[in-house]
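sequence first, then the predicted structure:
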Amino acid sequence: MDCAAEFTGAIETLRLCVDVMRLGGTLCPVAGELSDLPIKVADLVSKELNVRGVRASTRNDQRIVTELVEKGRLRVPIHAVLPLSEVAAAHKLLEDGDTVGRIVLHPWDI
């Protein structure tokens, strides 16, 4: 993987991003209030990784990412798909901290 953007703030997901990066890849942590980043100097040196903080995205950035997802070049991990009526359960999953991937709330019963 040349570039990985991590949006969940989950330490496990960020660690997975580092593990799958190609030589010279760029890691873009976007979300989370992590007190300890699971990145070691050895990761940066052995894989010649770049780390780039990302504050926001442009509309063109969003278009490019959407196209990559549609083409199957990027995969968004889905932890759970729940009906909107179970929003409280979705929040509990997030608060428990064991969620790796997105929680999708479907607006109609599924």
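Alright, I've got the coordinates.

for the rest of this, base every contact and every neighbour count on C-alpha atoms.
Will do.

where does pLDDT dip in the chain?
Low-confidence segments of the chain, defined by pLDDT under 70: 1-9, 31-35, 55, 109-110.

those strands in it, which residues are they?
3-6, 26-29, 50-51, 78-83, 102-106 (DSSP state E).

give the other helices and strands that the last one contacts.
Which is strand 102-106. strand 78-83, helix 87-96 (3 or more CA pairs under 8 Å, 6 or more residues apart in numbering; DSSP states H and E).

so the last one versus strand 102-106, what angle?
On the basis of axes from the mean of the first three to the mean of the last three CA atoms, to 10 degrees, helix 87-96 is oriented at 170 degrees to strand 102-106.

alpha carbons of helix 87-96, as PDB, please.
Taking Å, rounded to 0.1, in the frame of the first residue of the first chain, the C-alpha atoms of helix 87-96 are listed here in PDB:
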ATOM      1  CA  VAL A  87     -28.100   3.900  16.900                       C
ATOM      2  CA  ALA A  88     -27.600   3.400  20.700                       C
ATOM      3  CA  ALA A  89     -26.100  -0.100  20.000                       C
ATOM      4  CA  ALA A  90     -23.800   1.400  17.400                       C
ATOM      5  CA  HIS A  91     -22.500   4.000  19.900                       C
ATOM      6  CA  LYS A  92     -21.900   1.200  22.500                       C
ATOM      7  CA  LEU A  93     -19.800  -0.700  19.900                       C
ATOM      8  CA  LEU A  94     -17.700   2.500  19.400                       C
ATOM      9  CA  GLU A  95     -17.400   3.200  23.100                       C
ATOM     10  CA  ASP A  96     -16.300  -0.400  23.900                       C
END
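
so what secondary structure elements neighbour the longest helix seen in the chain?
The single longest helix within the chain, with elements called by DSSP state H, is helix 59-70. Counting contacts by 3+ CA pairs under 8 Å, 6+ apart, helix 59-70 is packed against no other helix or strand.

which residues touch that helix?
The contact list for helix 59-70 (CA atoms under 8 Å, 6 or more residues apart in numbering) reads 74-76.

can we see that at 6 Å?
Contact with helix 59-70 is made by residue 74, as judged by CA atoms under 6 Å, 6 or more residues apart in numbering.
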